[in-house]
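Novice: Below are the sequence and a predicted model for it; my questions follow.
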4 protein chains.
Amino acid sequence: MSTVVLPPGTRPEAPPAAPDRIRIPRDAEDDYGPEILDRRRAFVEDFTGVRLGHVRAMSYEPRLARGNCEHLIGTAQVPLGIAGPLRIEGEHARGDYLIPLATSEGTLVASYNRGMKALNDAGGARCTVVEDAMQRAPVFVLGDARRARALAAWVRRHEDGIRAVAQSTSRFARLLYVDPYLSNHFVFLRFNFETGDAAGQNMVTRATAAACAWILKSFPGIRRFHLESNFASDKKTSRVNLLRTRGKRVTAEATVPRAVLERRLRARPESLLDHYQAAGIGAFMAGTNNNGLHAANALAALFIATGQDVANVAESSAAIVFAEGTDDGGLFLSVTLPSLIVATHGGGTGLPCQRECLEILGCHGPGRVRALAEIVAGVVLAGELSLAAAIAADEWVEAHERLGRNR
Amino acid sequence: MSTVVLPPGTRPEAPPAAPDRIRIPRDAEDDYGPEILDRRRAFVEDFTGVRLGHVRAMSYEPRLARGNCEHLIGTAQVPLGIAGPLRIEGEHARGDYLIPLATSEGTLVASYNRGMKALNDAGGARCTVVEDAMQRAPVFVLGDARRARALAAWVRRHEDGIRAVAQSTSRFARLLYVDPYLSNHFVFLRFNFETGDAAGQNMVTRATAAACAWILKSFPGIRRFHLESNFASDKKTSRVNLLRTRGKRVTAEATVPRAVLERRLRARPESLLDHYQAAGIGAFMAGTNNNGLHAANALAALFIATGQDVANVAESSAAIVFAEGTDDGGLFLSVTLPSLIVATHGGGTGLPCQRECLEILGCHGPGRVRALAEIVAGVVLAGELSLAAAIAADEWVEAHERLGRNR
Amino acid sequence: MSTVVLPPGTRPEAPPAAPDRIRIPRDAEDDYGPEILDRRRAFVEDFTGVRLGHVRAMSYEPRLARGNCEHLIGTAQVPLGIAGPLRIEGEHARGDYLIPLATSEGTLVASYNRGMKALNDAGGARCTVVEDAMQRAPVFVLGDARRARALAAWVRRHEDGIRAVAQSTSRFARLLYVDPYLSNHFVFLRFNFETGDAAGQNMVTRATAAACAWILKSFPGIRRFHLESNFASDKKTSRVNLLRTRGKRVTAEATVPRAVLERRLRARPESLLDHYQAAGIGAFMAGTNNNGLHAANALAALFIATGQDVANVAESSAAIVFAEGTDDGGLFLSVTLPSLIVATHGGGTGLPCQRECLEILGCHGPGRVRALAEIVAGVVLAGELSLAAAIAADEWVEAHERLGRNR
Amino acid sequence: MSTVVLPPGTRPEAPPAAPDRIRIPRDAEDDYGPEILDRRRAFVEDFTGVRLGHVRAMSYEPRLARGNCEHLIGTAQVPLGIAGPLRIEGEHARGDYLIPLATSEGTLVASYNRGMKALNDAGGARCTVVEDAMQRAPVFVLGDARRARALAAWVRRHEDGIRAVAQSTSRFARLLYVDPYLSNHFVFLRFNFETGDAAGQNMVTRATAAACAWILKSFPGIRRFHLESNFASDKKTSRVNLLRTRGKRVTAEATVPRAVLERRLRARPESLLDHYQAAGIGAFMAGTNNNGLHAANALAALFIATGQDVANVAESSAAIVFAEGTDDGGLFLSVTLPSLIVATHGGGTGLPCQRECLEILGCHGPGRVRALAEIVAGVVLAGELSLAAAIAADEWVEAHERLGRNR
């Protein structure tokens, strides 16, 4: 690879390479066959001087990755551990679940496992999906604020027509409602859909595009239009998602007896509550999207394992944690994920490894997406409990020393 | 797996399973040997009734995952594609780079690849790491605000002593400065470290713990103390990280001639700028942590490929995008990632696949972490350009139709 | 007054005074008569040793302040200047308005006056109220998330019943819609009302209280309840208000020809646009509630003059500014106030001075509140234009030197 | 006044008035003399058809308002009530203070008075100024991110030189430190000053302008520059001010025995704490700048009374409230105002009424500004306690019925 390392500040001549003529080999007929994969790997080896070994490994037919990854050369193997079982008391998931976690972060599986045992002793995690909606949010640029207001009112009056057009693009997309936001001469329309078992970003993009084409044709005077405006906020965390849901809004909650906390986690409820209070002020001041601890750890590990769009960790990692003492000296702990994006169909969920992990969770196939959301929330709760107890018990540093790769 | 699916609202009896007696098999001597792995896999198969096939596959000795994943049963293979080459004009990375992206999201690799070609035609991405600091942020609870102010002042006066204690815990951690934030009777101390080639979260946790032990011993009247307060904000996006850096603050920028935009991306600068303006209002209103489009896509794919802590997509996905027209009708585009967490040492970077991907980038081994940060920023810039052009050219829906898994 | 000034750090004995026995004189029969006012003034003079002179002055019968201020001793006279006329092209306000501004900040009136002249040359400010709603937002604490979801669904189904109860408390309050937000086991209900010409905070508090009493009686299992939850966000700025309106959402916009900018304000559109872009990045990073400049200046001066609740400057000062160049080299400038709270009836609007100022604006009496909102937005726009031009023209410091109280 | 009220949607011809030829009368020699005031009042009466009565009233020589208000026509009299005494246990203010509150909002004075009595019974409000800094925040536009980083480093190295230039502009401004924030090719410099007894916005503007002129002369390659960037965030609330102080950061705290709460406020600590918890979740979700209740009420009333810049209610109203139960069943309550802007010199503080109010507080004249900040914080605390208790005791609606102007 033609990298030249320089001390900061030194500026060499522009390198002579002409990347335009260097093209990654492709096969227009079958870009996932053994020949083209080998040509691509050879190209990478030639270009970089690196011998590809482990990344070539695939336990399955590469053509199964068509629709998931262009310019395929192999796979990145992410270590897969198992935690649990975790008892989930959901409406869609009920029972004891082993949890597959794909991660390279030492102590993560052990820490979640520890939290699960404590939750089990407390009767498990009570999990509930309370809202479910996926968005696309176009912006319409009008001539002035008055015309913008008129479009918003028109959209409200024509929601049925908009729905018909939007839903004509998919068997699965169901337009729930359109939320208009006005500023200046802009109309931001936040389209909210149910998308079945798919995460649904593509489905709602297509449906919204169709609806917008109809709006553009029907409402005069729209000067400019863009299909996305940051109001959906795809791949970003945002206040609007925290408030109004993106994907699943799901809550996991548990009442943990004092004895369980003390025995399993060597922590007292008072210490956890004291930390919760101080960290809540910290979260408020620091302007976090999460007043809890580390939801993202569970999400990243579960998303990789089960074929979710891992970039959605950005928005899914928002969380609202609530803790209080109970009358008999225990701890009530609850976490709401307001914008959890999960799927049991489409995207990476059908890839061989990911499908097996979904099956381990009993969440492969139709009608299982809310069960998956419940399980994810339960795992997040286990991790909040475990890490909070470790901080409270001052065992946090020690655990990383023992299990992790420190230096 | 003992899941029972119920219609919402119906509450069965609590399931009879007693998860406490069900334990994942472990081997205290060697938890990564073939025998215990097989026992664990058998346990999972027994418990869930799922036959494990592809998740068993590992192209390397499982013991290599020690320190990365407890309760190992195999790996999750994530499809790995290649994009580029992308010309990077950094201070640490200079030249043309092939970019390994691990993803299951169709069109992602193709879209980034398209943006890279356009960037190359524009002379590549000019990339600069402008700040570098990793945090841990304890909170001290004092008797009142006056005593809290006294502690903050004491910490400022004793920064040298604090530094000596903190740095004694690691050869690599270098305490840059301690930032105190005061509220009520709390002192939040945001410790800022340089951590060499490691992401450094564990290193700074240990160093901060040592420093805090010394503070607790030396400053009288601290009533309570917690090693983390949400002011670091580990695994969360936050305003304090956007303002004051977490990990690397790195900028990628390019001036794209009009002809390049039109030929490569079939979009006019005016359309991109118009979208940038409207989406900027959208971002401001919606309260996003990113006024651009989809940095998280590049980050998730690169993080999985190169062994980063994927949960850090939560904070790393913050971005500040700036666009403006140039005098000769082209487009200036720039993105700053204020809290990018990357490593070329430690964590998952030494795992076989991930190490190969780092080698493809010329970023394995000591002294390469800022080069990696530059490359990551360049890839993010390519993706911003590509998607912005697709939205502006109204080709977005069509691309997903052609390449992705829609339904 | 028994103040003792001490160097920081020194702690004297607690002062011997026993404030419990010291009571401000009141007259239960008529607390606004001349005798009790004099007794109170004498009490203040005795207690503090300060001779009250100017604060005694009232040009009107003190009893007129009954319902506005308890323990009255006089008035604070705030200098009142006049700016304009400003041409407003609203739907409710149309014509040229002189603007009364009560302020003690030198240059404020002059700066706004300058902006108004420029706006007039541009044809005036086009102003539009696009939404109108006042809130109260109680929180209900349920047993768990499932029960919380049930309450939210119940509220949606019983909105007509809730409306009937709420509206029975006032001739003027009209319940528009109830917006439920769910988190953990909490249900936050954001009640949205139209309140006629009053700001309406008290009216909606009463109406919401009645509605909640009915909900508490009708829906079983509510464990705790509070009439306010920060979701209204009274006297606070908030994201939810920016997104979903509080009081009036009103936009003022103008297209300012290049010649007007150059002649009136000695600034070029390019300089203003450059500043707008950079300050937009600044606003995004700094996390402001306003990407413009100083809406609060207009609001404070108008609120004092016209008898508004001045504390509402907190939420009313949020703003979304948009600027762009026009094809013929001019400047389009627009500002949206998403949470402007104004009244032409109730509160301080009937006090003698404040009523005169409302009359100057043609906004005293029924049916004028949206006209007032339009005028306020137009004044804010004038101030944005004036200050932006001053910054762009580098005349800002000089203006304060000439007109203000510097030292 | 030439207002025409129209139904929404109807667009008449543009009105024939030519505001350019209509000018408010001014006298270049002496714009505050009796003759020009009368001419202006007559002009307003002519233009609007409104007879000016009460707004003419001034108890003092109008020339005293020179430097405070241009185009003077009189004053807006704001009812002035008195509350307290309130015991303040500050470092600069110690003793029992009567509090002048200028407001037109019924119940405000009574509610604060009630809170003060409860605080007194609890030993008063312990108040502490923990930080003190006033800002101006210019933005420098460089050629690229690398050059921006170089400027930030240069500024750090030349802070002494910058300080010398900045401080040469004022006897009072003292440059504490310059905080650089980097994004894209921008350098935002947040200059932090001590400003003595003045609020200091003008002083720091001038000092920063001088420093910037020197930077612009000394550092090559700055392409554009603006003296303000929203990073100060003058007249706006912002996260950066919440984190890093603007004006005074001041905390007031008290421990209120259960008996005091029950007797004085008819509320139990448990109810207040329950509300605090739920409203904290509300504040976090709603994205408020204040997790408490109504600091803005105290601030607006005190700012008008004492001649502060009332527009600063926008930023000063941010607050961080903390509450917890005490071991003996009482309530600990604390509020931090992180960006309180107050002055005892300059601006409106020297106007006759406002000066008297400052004297009532013992805060007129040099060296008293931190005492004023302490008192303001104490008053805010009294209001938080009073309203929280009213909500908890369900007496809120009733109080407004009795004292306010409801309809």
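Specialist: Right, received. Where do you want to start?

Novice: is any part of the helix or strand harbouring A:Val240 close to chain B?
Specialist: Secondary-structure assignment from DSSP states H and E places A:Val240 in helix A:239-244. Yes: using C-beta under 8 Å from any C-beta of the partner chain, we find that helix A:239-244 touches chain B at A:239-242. Glycine gets a C-beta too; all of them are placed from N, C-alpha and C.

Novice: So which residues on chain A come close to chain C?
Specialist: So chain A meets chain C at A:91, A:126, A:128, A:130-131, A:144-146, A:148-149, A:152, A:181-186, A:239-240, A:243, A:249, A:251, A:253, A:287, A:320, A:322, A:334-336, A:338 (C-beta under 8 Å from any C-beta).

Novice: Mind giving me the PyMOL command for buried ones among these?
Specialist: Here is the PyMOL selection string for the buried members of those, based on 16 or more other C-beta atoms under 10 Å in any protein chain shown:
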select buried, chain A and resi 91+126+128+130+131+144+145+146+148+149+152+181+182+183+184+185+186+239+240+243+249+251+253+287+320+322+334+335+336+338
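
Novice: okay, the residues of helix A:239-244 next to chain B in CSV with pLDDT next?
Specialist: CSV is the format used below for those (pLDDT from 0 to 100):
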residue, pLDDT
A:Arg239, 97
A:Val240, 97
A:Asn241, 97
A:Leu242, 97
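
Novice: Can you tell me which of those is nearest D:Leu302?
Specialist: D:Leu302 lies nearest to A:Arg239 out of the residues of helix A:239-244 next to chain B, by C-beta to C-beta, at 31.1 Å.

Novice: surely that closest one meets B:Asn289?
Specialist: No: assessed by C-beta atoms under 8 Å, A:Arg239 is found out of contact with B:Asn289, at 9.5 Å.

Novice: just the strands in chain A please.
Specialist: Secondary structure of chain A (DSSP state E): strands at A:72-89, A:94-102, A:125-136, A:139-141, A:174-183, A:186-194, A:224-226, A:247-256, A:320-325, A:331-340.

Novice: how many other residues sit next to the residue nearest to A:His54 when sequence neighbours are not counted?
Specialist: The shortest distance from A:His54 to any non-neighbouring residue, by C-beta to C-beta, 6 or more residues apart in numbering or on different chains, is to B:Pro352 (4.0 Å). Look at B:Pro352: counted by other C-beta atoms under 10 Å in any protein chain shown, it has 20 neighbours.

Novice: Sketch out the low-pLDDT regions of chain A for me.
Specialist: Counting by pLDDT under 70, chain A contains low-confidence ranges at A:1-20, A:394-407.

Novice: residue ranges for the helices of it, please.
Specialist: All helices of chain A, identified by DSSP state H, fall at A:34-48, A:108-121, A:145-157, A:159-167, A:201-218, A:239-244, A:258-265, A:269-286, A:295-306, A:313-316, A:352-360, A:369-393, A:396-403.

Novice: Looking at the ones you listed, which one is packed in the most?
Specialist: Greatest average neighbour count among the helices of chain A goes to helix A:313-316 (a mean of 33), per mean count of other C-beta atoms under 10 Å in any protein chain shown.

Novice: so what does it touch, helix or strand wise?
Specialist: If contacts are counted by 3 or more C-beta pairs under 8 Å, 6 or more residues apart in numbering or on different chains; DSSP states H and E, helix A:313-316 sits against helix A:295-306, strand A:331-340, helix B:295-306, helix B:313-316.

Novice: If we use 10 Å, what do you get?
Specialist: In terms of contacts (3 or more C-beta pairs under 10 Å, 6 or more residues apart in numbering or on different chains; DSSP states H and E), helix A:313-316 is packed against helix A:239-244, strand A:247-256, helix A:295-306, strand A:331-340, helix B:295-306, helix B:313-316.

Novice: tell me the contacts of A:Glu228?
Specialist: A:135-139, A:205, A:208, A:234, B:275, B:278-279, B:282, B:293-294, B:387-388, B:391, B:396 (C-beta atoms under 10 Å, 6 or more residues apart in numbering or on different chains).

Novice: Oops, could you answer that again for A:Asp197 instead?
Specialist: A:Asp197 neighbours (C-beta under 10 Å, 6+ apart): A:172, A:342-346, A:349, A:363-370, A:372.

Novice: Of all residues in the stretch 101-250 of chain A, which one is closest to chain C?
Specialist: Using C-beta to the nearest C-beta, the closest approach of the stretch 101-250 of chain A to chain C is made by A:Ala145 at 3.6 Å.

Novice: Good, wrapping up.
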